[in-house]
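need a 3D model of the sequence below.
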Amino acid sequence: MTDGWSDADRILADVRPPVFPDHDFPITEYGATPEHATAGLAHAIRACHESGGGRVVVPPGVWHTGAIHLRSRVNLHVSEGATLRFSTDPAHYLPVVKTRYEGLEVYNYSPLIYANGCTDIAITGTGTLDGQAGWDNWWGWFHTCDEDFGQLRQQAAFGIPVTERVYGAGHHLRSSFIQPYECTNVLIEGVTIVRSPFWQVHPVLCRNVTIQDVVIDSQGPNNDGVDLESCRSVVIRGCTFDAGDDCIALKSGREADGLLVNVPTEDVLIEQCVMRVKYGAITLGSDLTGGIRNVFVRDCTIGGPSLYFGLYIKTNAIRGGFAENVYLKDLTISNLTKEVVQCNFFRGEGDSGPLTPYVRNVELRGIKVERARNALMLRGYRRSPIQDFRLIDCDFTVDAPSTVQHAALSFDNVSVNGHPITDVHQLR
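The predicted structure is shown next:
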């Protein structure tokens, strides 16, 4: 078998951040004030776009705003010392826009920063994006969204057109913080994100995406750090994650919508990141219906007192899908409260649907684990075992035996608690 890491070089060659004209559009010149920046931001973005592109500059200070909609060739630059503080009034995120909610197509409240069908867009600078979320506003919807989400799932299952799946006012489906939708050439760099309503950086159906040197510091419910959904050619580099759910989650649509749209997430390189909180450091799924392939993770630092998994691959027979060609190397893992790797086909509804997921060609190389509850929890189906799962040059210190069901493993220079491992039975 050839070294799959050669594909990482291909991804690096393919992904290039957008370049913008050297022309600044300070929002203060377009009517923005600290108390009311929404209209000034919109005017500056329009002027920047219509003049051929450049930077829309947010100067130092605290600027209160509602939804921001980017346009092609616009770099929203949040300067050092600047904070964009987003309204918690849902009315400020209307009219509804086309988006995804947990893998399903829907018209819903606008994400806080949104772009649809744009080319060459960016959010840069070392300032702060503050969603102001708390339990008395967005986070409180965590307890009231089930009815809406159940209805949306039914609409998708019965093939109701997306244009008729209109939520927003009167409903409780939270929107992502940053969402480029069907965009090409995207850069998100340098900013700090706090108090996010829901998922934090959520590109959907995008191509050529760079996310680098971003600080994620929001630990509300479902506050995933980065969610890549049905995206291709992505580099995530040098980011720090203290997230309320998965640090980096790769997704590709869910159930009927995932089968209909059928666009995988593929060609993703993750490097030089720090992942401390909370669920999975690198997660594939559970919205996996369109599939995920060609994922490379290297030179990352993982672990904390409340981080669960290093690599988490989750699906079931309701969601189906696949994950293949997943490579992790040179990772330092300090502490995990659960498994280094969990790959579980029985999550949620388990083996109770019409689809058969598959996972194959997963490699961990050069992984040093100082402490975890278990090394592995692998549960495939008898009809679809996990295939070609390789551990090479790995050293795990763990508290309890592994669980392996319907999975084909191989070992090369692997030790657990100081004991060489050459056979799966030694893990139990």
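
how about the contacts made by D242?
Counting by C-beta atoms under 8 Å, 6 or more residues apart in numbering, D242 touches 216-219, 276-277. Every residue, glycine included, has its C-beta placed from N, CA and C.

again, only using 7 Å
216-217, 219, 276-277 (C-beta atoms under 7 Å, 6 or more residues apart in numbering).

measure T83 to P401 for me?
Noted for T83: a distance of 49 Å to P401, by C-beta to C-beta, to the nearest Å.

more neighbours: the two, which one.
Set T83 next to P401 and count neighbours by other C-beta atoms under 10 Å: T83 wins out with 19 against 13.

now the helices for the stretch 251-400 of the chain?
Using DSSP state H, counting those that start in this stretch, the helices of the stretch 251-400 of the chain run over 255-261.

so D393 touches E363, yeah?
No. D393 is beyond contact range of E363, at 10.7 Å (criterion: C-beta atoms under 7 Å).

which one of the two is surrounded by more residues?
E363 (20 against 15).

for the closest residue in space to that one that isn't next to it in sequence, give the beta-bridge partners.
Spatial nearest neighbour of E363, chain neighbours left out: R390 (4.5 Å); criterion: C-beta to C-beta, 6 or more residues apart in numbering. On the basis of DSSP bridges, R390 takes part in beta bridges with E363, S410.

any idea how far V359 is from R390?
From R390 across to V359, the span is 13 Å (C-beta to C-beta).

what of V424?
16 Å.

H171 too?
Distance from H171 to V359, by C-beta to C-beta: 35 Å.

ok, these two, which is more surrounded?
V359 (28 against 20).

does that one touch A323 like I think?
Yes. Taking C-beta under 7 Å as the definition, V359 is a contact partner of A323 at 4.8 Å.

which residues are in contact with both of these two?
I313.

distance check, L331 against D393.
Computed as C-beta to C-beta, the L331 to D393 distance reads 11 Å.

out of the contacts of D242, who's the most crowded?
That'd be I216 among these, by other C-beta under 10 Å, with 29 neighbours.

check what pLDDT it gets.
You'll see I216 listed with a pLDDT of 98.

which ones are touching the closest residue to it other than its chain neighbours?
Closest residue to I216 apart from its sequence neighbours, by C-beta to C-beta, 6+ apart: G225 at 4.2 Å. Under the criterion of C-beta under 7 Å, 6+ apart, the neighbours of G225 are 200-201, 216, 241, 243, 247-248.

try G125
77-80, 82, 190-191.

one more: A400?
Applying C-beta under 7 Å, 6+ apart to A400 gives the contacts 373-374.

any idea how far it is from N417?
A400 sits 11 Å away from N417, going by C-beta to C-beta.

quick check, A32 in a helix?
No. If the criterion is DSSP: H, G, I helix; E, B strand; the rest coil, then A32 is coil and not within a helix.

nearest spatial neighbour of it, skipping sequence neighbours?
Of all residues not flanking A32 in the chain, G40 sits nearest, at 2.6 Å (C-beta to C-beta, 6+ apart).

can you get me a residue count around the one you found?
Counted with other C-beta under 10 Å, G40 comes out at 21.

now what about the host helix or strand of it, what contacts it?
Following DSSP states H and E, the helix or strand that holds G40 is helix 38-50. By C-beta under 7 Å, 6+ apart, the surrounding residues in contact with helix 38-50 are 25, 27, 30-32, 54, 56, 65-66, 68, 70-74.

how about a cut-off of 8 Å?
For helix 38-50, the surrounding residues in contact (C-beta under 8 Å, 6+ apart) are 23, 25-33, 54-56, 58, 64-74, 76, 92.

about what we covered before: list residues touching both of L331 and D393?
Taking C-beta under 8 Å, 6+ apart as the contact rule, L331 and D393 both touch 366-367.

how about the strands in the stretch 151-300 of the chain?
178-181, 184-189, 192-194, 207-212, 215-218, 226-229, 232-237, 240-243, 248-251, 265-271, 274-277, 280-284, 292-298 (DSSP state E, counting those that start in this stretch).

quick check: chain neighbours aside, which residue is closest to E164?
That would be Q155: by C-beta to C-beta, 6+ apart, it lies 7.4 Å from E164.

what about the one you found, how many residues nearby?
Number of residues near Q155 (other C-beta under 10 Å) recorded here: 19.

that one touches Y167, doesn't it?
No. With contact defined as C-beta atoms under 8 Å, Q155 does not reach Y167; the gap is 10.2 Å.

quick one: which of the contacts of G125 is nearest L355?
V191 (38.0 Å; C-beta to C-beta).

from F346, how far off is the closest one?
Distance from V191 to F346, by C-beta to C-beta: 38 Å.

quick one: which of those two has more around it?
Comparing V191 with F346 by other C-beta under 10 Å, the one with more neighbours is V191, at 23 against 16.

that one contacts T128, correct?
Yes. Counting by C-beta under 8 Å, V191 does reach T128; the two are 6.9 Å apart.

picking that back up, any chance of the strands of the stretch 151-300 of the chain in CSV, plus distance to P161?
As requested, these are arranged in CSV below (distance: least, C-beta to C-beta, whole Å):
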stretch, distance to P161
strand 178-181, 18
strand 184-189, 26
strand 192-194, 33
strand 207-212, 25
strand 215-218, 34
strand 226-229, 20
strand 232-237, 26
strand 240-243, 34
strand 248-251, 22
strand 265-271, 25
strand 274-277, 39
strand 280-284, 29
strand 292-298, 27
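
wait, which of these is closest to S110?
strand 178-181 (8.6 Å).

so how far is the closest one off the chain centroid?
Here strand 178-181 is found 11 Å from its chain centre; the criterion is C-alpha atoms, centre = their mean, to the nearest Å.

which residues are contacting that strand?
Here strand 178-181 makes contact (C-beta under 8 Å, 6+ apart) with 70, 97-100, 111-118, 121, 123, 129, 186, 188, 193, 200-206, 209.

what do you get if the cut-off is 7 Å, keeping everything else the same?
Applying C-beta under 7 Å, 6+ apart, the external contacts of strand 178-181 come out as 98-99, 111-116, 118, 121, 123, 186, 188, 200-206.
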